[in-house]
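Chemist: Dropping a prediction and its sequence here:
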Amino acid sequence: MKTTYPLIVYQIALTYLPKVGPVKGKELASLYPNLTDIFRLASYQSHAAEALREAEKTVKICEEEQIQILYFEDPAYPQRIKDLYDAPLILFKKGPADLNAHRIVAVVGTRHASDVGKKVTEELVQSSIKDEVILVSGFARGIDITLHKACLTCQVPTIAVLAGGFRHIYPHENAMYIDQILATGALLSEYAPHIPPASYHFPVRNRIIAGLSDATIVVEAAEKGGALITADYALNYNRTVFAVPGSLNRPFSKGCNLLIRNLKATIYTSWDDFMQELNWEQAKDRLALHPELSQKLFTLNETAIISLLHREGQLSSNELLQRSEIPQDELALILLNLELKGMIQSTNGDGYMLS
């Protein structure tokens, strides 16, 4: 077996080994820090050459098409996803959007969007312009593409999470929006560019939409469907879910109404209420009073701490240490710096919360 492959080839090849998914892959990477050792194991040796060839092919395509390859230990890998038990080993990204941006929100819904659902989605995007948020969806027909198109109109960065590789855009009619999305946003997928979408990819893809985001807003949904799968993932990841209530006789309001009735979602009434529910309104007011605290001046690790406190409300320094994986000495300096900037405050005992 050839032993001179670049590290990225072994990282990708790990995903091509049989019966090695995200959970098993991370277990193997933990047990064998030198990834080449995995391909010498008896259970994988017969598949190693083929997996490495496929990985080499993937790297070449990505180089030709300027696609960024993110291994789960890379600094640019989305930190919101990294700690999830089923986080992808590899993500493929194209476009300038920051996957670790200060505020990322998922907006999802049925493929059979009504005029009311489309209008709610468009108004949501228009209201978000002032708040420097990145909006995420799944590039499907209906609510998803309405969200992406509204973002393009309003010049709000948007991330489209695909269920296949970038060479296989689905649905085909949405391909016309790719170049515009890539101007300020991004395409994201756990599948290599030459891998076509399969039916089982779509529900699995939804975990990335939910995990990448601080909160998920369900605009319209039937009693079963992809939007509710995304909501379930978000709940499992301890994210906040919002749902737009609808008329009792509209089939694509039933899913949203059930989420609210079952206390799985907060009622979405307006963008301003949404901001207030997440305590983002207070942070926005502070930034308005102190423009020197602009998120652009925060380091990646400072952003990670702020995002954690946004999601959880309050965490101890030990919890922040475990969740952020920032070295203890560096974390202490970050917490002190954010306190001096007025972004966070200490609570009783050893806790921290946003100011």
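Modeler: Looks like it came in fine. Residues are numbered from 1 along each chain as shown.
Chemist: Give me the residue ranges of this protein where confidence is low.
Modeler: The chain contains residues with pLDDT under 70 at 1-3, 281-300.
Chemist: one more time with 90, if that's ok
Modeler: For the chain, the stretches with pLDDT under 90 are 1-4, 75, 82-85, 102, 130, 132, 223-226, 246-253, 276-355.
Chemist: For it, which segments count as strands?
Modeler: 68-71, 90-94, 104-108, 134-137, 158-161, 186-189, 215-218, 240-243, 266-267, 314-316, 344-346, 351-354 (DSSP state E).
Chemist: partners of the third one in the sheet?
Modeler: Applying DSSP bridges, strand 104-108 is found paired with strand 134-137 (parallel), strand 215-218 (parallel).
Chemist: Also the fifth one?
Modeler: The strands beside strand 158-161 in its sheet (DSSP bridges) come out as strand 134-137 (parallel), strand 186-189 (parallel).
Chemist: Could I get the CA-only coordinates of stretch 70-78 as PDB?
Modeler: Extracted C-alpha coordinates of stretch 70-78, given in PDB (Å, rounded to 0.1, in the frame of the first residue of the first chain):
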ATOM      1  CA  LEU A  70     -12.800  20.700   6.500                       C
ATOM      2  CA  TYR A  71     -11.700  17.800   8.700                       C
ATOM      3  CA  PHE A  72     -13.500  17.800  12.100                       C
ATOM      4  CA  GLU A  73     -10.400  18.900  13.900                       C
ATOM      5  CA  ASP A  74      -9.700  21.800  11.600                       C
ATOM      6  CA  PRO A  75     -10.000  25.300  13.200                       C
ATOM      7  CA  ALA A  76     -12.400  26.400  10.400                       C
ATOM      8  CA  TYR A  77     -14.700  23.500  10.900                       C
ATOM      9  CA  PRO A  78     -18.000  24.800  12.500                       C
END
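Chemist: residues touching the spatially most central residue of the chain, list them.
Modeler: For the chain, the residue nearest the mean C-alpha position is Leu212 (1.6 Å; C-alpha atoms, centre = their mean). When contacts are counted by C-beta atoms under 8 Å, 6 or more residues apart in numbering, Leu212 touches 78, 80-81, 99, 104, 106, 136, 159, 161, 188. To be clear about C-beta, it is placed using only N, CA and C from the backbone, and glycine gets the same treatment.
Chemist: which of those residues lies closest to Pro197?
Modeler: Of all those, Pro197 sits closest to Val161, with 11.8 Å by C-beta to C-beta.
Chemist: Who are the contact partners of the closest one?
Modeler: When contacts are counted by C-beta under 8 Å, 6+ apart, Val161 touches 136-139, 188-189, 205, 208-209, 212.
Chemist: possible to save the strands paired with strand 158-161 as a markdown table with mean neighbour count and distance to Ile90?
Modeler: Output for these, formatted as a markdown table (neighbours: other C-beta atoms under 10 Å; distance: least, C-beta to C-beta, whole Å):
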| stretch | mean neighbour count | distance to Ile90 |
| --- | --- | --- |
| strand 134-137 | 27 | 19 |
| strand 186-189 | 24 | 10 |
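Chemist: between those, which one is nearest to Leu333?
Modeler: Each of the strands paired with strand 158-161 has some distance to Leu333 by C-beta to C-beta; the shortest is strand 134-137, at 27.6 Å.
Chemist: Dump the C-alpha coordinates for the closest one into PDB.
Modeler: This file holds the C-alpha atoms of strand 134-137, laid out as PDB (Å, rounded to 0.1, in the frame of the first residue of the first chain):
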ATOM      1  CA  ILE A 134     -26.300  34.300   8.400                       C
ATOM      2  CA  LEU A 135     -29.400  32.300   7.400                       C
ATOM      3  CA  VAL A 136     -29.200  28.600   6.600                       C
ATOM      4  CA  SER A 137     -31.500  26.300   4.800                       C
END
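Chemist: Show me what it is in contact with.
Modeler: By C-beta under 8 Å, 6+ apart, strand 134-137 touches 97-98, 101, 103-108, 125, 128, 143-145, 147-148, 151, 156-161, 185, 209, 212-213.
Chemist: Could you rerun that using 6 Å?
Modeler: Outside strand 134-137, the residues that touch it by C-beta atoms under 6 Å, 6 or more residues apart in numbering are 97, 101, 104-108, 144, 147, 151, 156-159, 209, 212-213.
Chemist: For Gln126, which non-adjacent residue is spatially closest?
Modeler: Leaving aside its chain neighbours, Gln126 sits nearest to Cys154 (5.7 Å; criterion: C-beta to C-beta, 6 or more residues apart in numbering).
Chemist: which residues in the stretch 1-150 of the chain form helices?
Modeler: Assigned by DSSP state H, counting those that start in this stretch, the stretch 1-150 of the chain shows helices spanning 7-16, 22-31, 42-64, 79-82, 115-128, 143-154.
Chemist: From the recorded domain assignment, give the ranges for this protein.
Modeler: Residue ranges for the domains of the chain, per automatic domain parsing: 1-64, 104-277, 280-354.
Chemist: need those in TSV with distance to Phe92, can you?
Modeler: Converted to TSV, these look like this (distance: least, C-beta to C-beta, whole Å):
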stretch	distance to Phe92
domain 1-64	7
domain 104-277	5
domain 280-354	20
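Chemist: which of those sits most buried?
Modeler: domain 104-277 (a mean of 20; mean count of other C-beta atoms under 10 Å).
Chemist: on that earlier part again, what's the spacing between the residue nearest to the centre of the chain and Lys149?
Modeler: Leu212 sits at a distance of 20 Å from Lys149 (criterion: C-beta to C-beta, to the nearest Å).
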